[in-house]
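Undergrad: Kindly return the folded structure for what I paste below:
(2 chains)
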Amino acid sequence: MPRLDTTTQFITVIIICLTLLSIVQGALVARRRKDAFPLRPISAYESIPYMIGTAIEAGRPVHVSLANTGLGGSTTLLTLTNAEMFYQTALRAEASILTASDPLVLPLSYVMLQRVYARRDRSERFSGRYLRWYPSTTQPLAFASALTVTLDAEQVSGSILLGNFGSELALVLDAANRRKQGSIASSIDLQGQAVAYALAGTTLIGEEMFVAGAYLGDNNAQRGAVVALDTLRWFLIGGIVLYTFVSLYEPVRTALLGGG
Amino acid sequence: MRRLFTTLSTAVAMSFGFLTLWGLLVGGGVVTSLANIILQLVLLTVALSILIGILNLFGVHFGRIRRRERQWGYSVVVLVAALLVIVLWLLNIDDVNMLLLENVQVAVESALAGLVLFALVFGAYRMLNRRITWGNLLFVLSLLVILIGALPLRETAFIADVRAWLLAVPVSAGARGILLGIALATVVTGVRVLIGQDRAYRE
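TA: Below is the predicted model of the structure:
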């Protein structure tokens, strides 16, 4: 395990403490007054009920893909938040299919889906066949091609594609568009994000992917996390502005006073 | 009973999380050794999870064939290919396995990579066809500048300069903004998991 230097340790502890405080404070305020922090509208989250409604009317499943994100690596936290998105979608839709290329996602999503069926008092109808593992190499094109087949074979009504997609996302979204299926996409990879913006029905950008629980669920703790995220964002903006001011101050002062 | 189990699993996850964080931040002594053991356990679990994946693959595709679901033929191909690779591996015939990988898998993926370009160009066309907004116009205009600016022609030297500025300033700033947002959200999610607020523990 790599040892961090003192400055990094100090900054990390400060960030963690600040985040912890913001989350707890945000959750407490959200519990007391639900409308204290109204969530700004995000079109992708607003379109999810419509996508699910269309799927229910057509008797078709909704497809959620976590791409090649997984547990135990750098994308662990992203996988957990995307699993929350799957949970919220499965809770509302008649049937939901999950595809992933990391096998560790399967136990996690299995438990999530089981809870969904238990919450809907339909435990007897639970089936693990809605969870699909498509192994992927370092080039995830094979995974993308498997998704294009899934879209057609399962006749999905809409797809929510989240995770670490690259430019291969274009193939999946193109296949979805040709079949007139709805799509919501986002990626932590910038190439994938650009492709999602161009081809997907609606897009989630950057941190928007991490707040599915707050937008789709009704949990104060998750609302508190959004407040924490906003607080940290304002701290960061403040830091950047301050740093810019400090960097500019000396050269501007020198220029104005002629070095005197 | 279920509540007790949930509480127990939350406590285990939280203590393992804090232990690993402590090992990373402070380090040294027993804590680092424990954190290293935990990380090795994770690696072991990841390796074992391949078995779960293979079981899922066979279960799902056998089911599709048995129920004669739409396009079940693809499932037959998947199962035959998977069985073939496993049998070849068991018989220790590595050269045939490599041949399959290089001549089939790599070739198919390269062909798909070629298709990505057409999908992207069609996507840009479709985006303007769908609805023209300022955002979409800016996106397509930037795309054109980047593509034309990459041409090694003397006539497009000015556009090449614009391309260089675009990549160095607005694109770089936007990319950093997105990555910073992701980083902040990751920190928040990490702390939520550490204090047991994640759904994986809550229910």
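Undergrad: how near is whichever residue of chain B sits closest to chain A to residue A:99?
TA: Nearest to chain A, among the residues of chain B, is residue B:53, at 3.1 Å (Cβ to the nearest Cβ). C-beta coordinates here come from the backbone N, C-alpha and C atoms, glycine included. Residue B:53 sits at a distance of 12 Å from residue A:99 (criterion: Cβ to Cβ, to the nearest Å).
Undergrad: any common contacting residues for those two?
TA: residue A:133 (Cβ atoms under 8 Å, 6 or more residues apart in numbering or on different chains).
Undergrad: Tell me which of the two has more neighbours.
TA: Neighbours were counted for residue B:53 and for residue A:99 using other Cβ atoms under 10 Å in any protein chain shown; residue A:99 has more, 24 against 19.
Undergrad: Given the strand or helix carrying the more buried one, what are its sheet partners and their directions?
TA: Using DSSP states H and E, residue A:99 maps to strand A:96-100. Sheet pairing for strand A:96-100, assigned by DSSP bridges, gives strand A:62-65 (parallel), strand A:131-133 (parallel).
Undergrad: In TSV: those strands, plus mean neighbour count.
TA: Converted to TSV, the strands paired with strand A:96-100 look like this (neighbours: other Cβ atoms under 10 Å in any protein chain shown):
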stretch	mean neighbour count
strand A:62-65	29
strand A:131-133	23
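Undergrad: Please point out the stretch among those strands with the lowest average pLDDT.
TA: Of all the strands paired with strand A:96-100, the minimum mean pLDDT falls on strand A:131-133 (a mean of 92).
Undergrad: And the residue in chain A that chain B sits nearest to, what's its pLDDT?
TA: Residue nearest to chain B within chain A (Cβ to the nearest Cβ): residue A:103, separated by 3.1 Å. pLDDT, residue A:103: 89.
Undergrad: what do you get for residue A:96?
TA: Per-residue confidence (pLDDT) for residue A:96: 91.
Undergrad: Let me see the contact set for the closest residue to it other than its chain neighbours.
TA: Once flanking residues are discounted, residue A:96 sits nearest to residue A:90: 4.1 Å by Cβ to Cβ, 6 or more residues apart in numbering or on different chains. For residue A:90, the contact set (Cβ under 8 Å, 6+ apart) comprises A:64, A:96, A:112-113, A:116.
Undergrad: Name all residues that make contact with residue A:221.
TA: Shown in contact with residue A:221 (Cβ under 8 Å, 6+ apart): A:23, A:27, B:192, B:197.
Undergrad: Which one among the residues you listed sits at the bottom for pLDDT?
TA: Least confident of those in the model: residue B:197, at 76.
Undergrad: Okay, and that one sits in which element?
TA: Under the criterion DSSP H and E, no helix or strand holds residue B:197.
Undergrad: Just confirm it contacts residue A:24, I think it does.
TA: No: Residue B:197 is beyond contact range of residue A:24, at 9.7 Å (criterion: Cβ atoms under 8 Å).
Undergrad: rewinding a little: let's see if you can find the most crowded of the contacts of residue A:90.
TA: Counting neighbours by other Cβ under 10 Å, residue A:64 leads the contacts of residue A:90 with 29 neighbours.
Undergrad: now residue A:225, what's its secondary structure?
TA: At residue A:225 the chain is in helix, as set by DSSP: H, G, I helix; E, B strand; the rest coil.
Undergrad: Quick check, it in contact with residue A:30.
TA: No: using Cβ under 8 Å, residue A:225 makes no contact with residue A:30, being 9.6 Å away.
Undergrad: For those two, indicate the residue with more neighbours.
TA: Shown here are residue A:225 and residue A:30; by other Cβ under 10 Å, residue A:225 has more neighbours (29 against 22).
Undergrad: tell me which element residue B:14 falls in.
TA: helix B:2-25.
Undergrad: Distance from that helix to the middle of the chain?
TA: Relative to its parent chain, helix B:2-25 has a centroid offset of 26 Å by Cα atoms, centre = their mean, to the nearest Å.
Undergrad: For it, list every residue counted as buried.
TA: Of all the residues in helix B:2-25, those buried under the rule 16 or more other Cβ atoms under 10 Å in any protein chain shown are B:10, B:13, B:17, B:19-21, B:23-25.
Undergrad: Out of those, which comes closest to residue B:33?
TA: Distance to residue B:33 across the buried residues of helix B:2-25 (Cβ to Cβ) is lowest for residue B:23, with 8.3 Å.
Undergrad: which residues does the closest residue to the closest one other than its chain neighbours contact?
TA: Once flanking residues are discounted, residue B:23 sits nearest to residue B:35: 2.8 Å by Cβ to Cβ, 6+ apart. Counting by Cβ under 8 Å, 6+ apart, residue B:35 makes contact with A:1, B:19-20, B:22-24.
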